[in-house]
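K.L.:
okay, here's the prediction I keep looking at, along with the sequence it came from:
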Amino acid sequence: MAKVLNFFKDSYVEVTTKVTWPTWAQLQSSAVVVLVASVIIALLIFVMDKASSNLLELLYGITS
C-alpha cells in the first residue's frame, strides 16, 4: 500500500512542479488550429466522396 501512496505523491509532485502547462492564449490558439484543420479535412473528405459517387454513377450509367 505504501508503494501506491508514493506513486500518487510522486505523480502529484511531477504534475505540479515539473510539467510546463500552456497558457490560456496558447490553448485558444491550438484550439483554433485544430478547428480549422478539422474543417479542412472534413471538406476534403466530402469532395472525395462526391467525386467518387459521381464517378460510380457515371460508370453504372454506362454499363446499364
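P.N.:
Great, that's in hand. Here the structure is a predicted model, which is why all the values come from computation and not from measurement. Residues are numbered from 1 along each chain as shown.

K.L.:
mind checking how far the residue positioned nearest the centre of the chain is from residue 27?
P.N.:
The centroid of the chain falls nearest to residue 34 when counting by CA atoms, centre = their mean (6.7 Å). Per CB to CB, to the nearest Å, residue 34 is found 11 Å from residue 27. Using the backbone N, CA and C atoms, a C-beta is placed for each residue, glycine as well.

K.L.:
distance of the residue nearest to the centre of the chain from residue 23?
P.N.:
According to CB to CB, residue 34 stands 17 Å off from residue 23.

K.L.:
now swap in residue 36 and tell me
P.N.:
20 Å.

K.L.:
would you state the strands of this protein in chain order?
P.N.:
Using DSSP state E, no strands are found in the chain.

K.L.:
now the helices for it?
P.N.:
Along the chain, the segments classed as helices by DSSP state H run 2-13, 24-63.

K.L.:
how about the ones you listed in TSV, adding mean pLDDT?
P.N.:
As requested, the helices of the chain are exported to TSV (pLDDT from 0 to 100):
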stretch	mean pLDDT
helix 2-13	94
helix 24-63	96
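
K.L.:
need phi/psi at residue 21.
P.N.:
phi -90, psi 140 (degrees, to the nearest 10).
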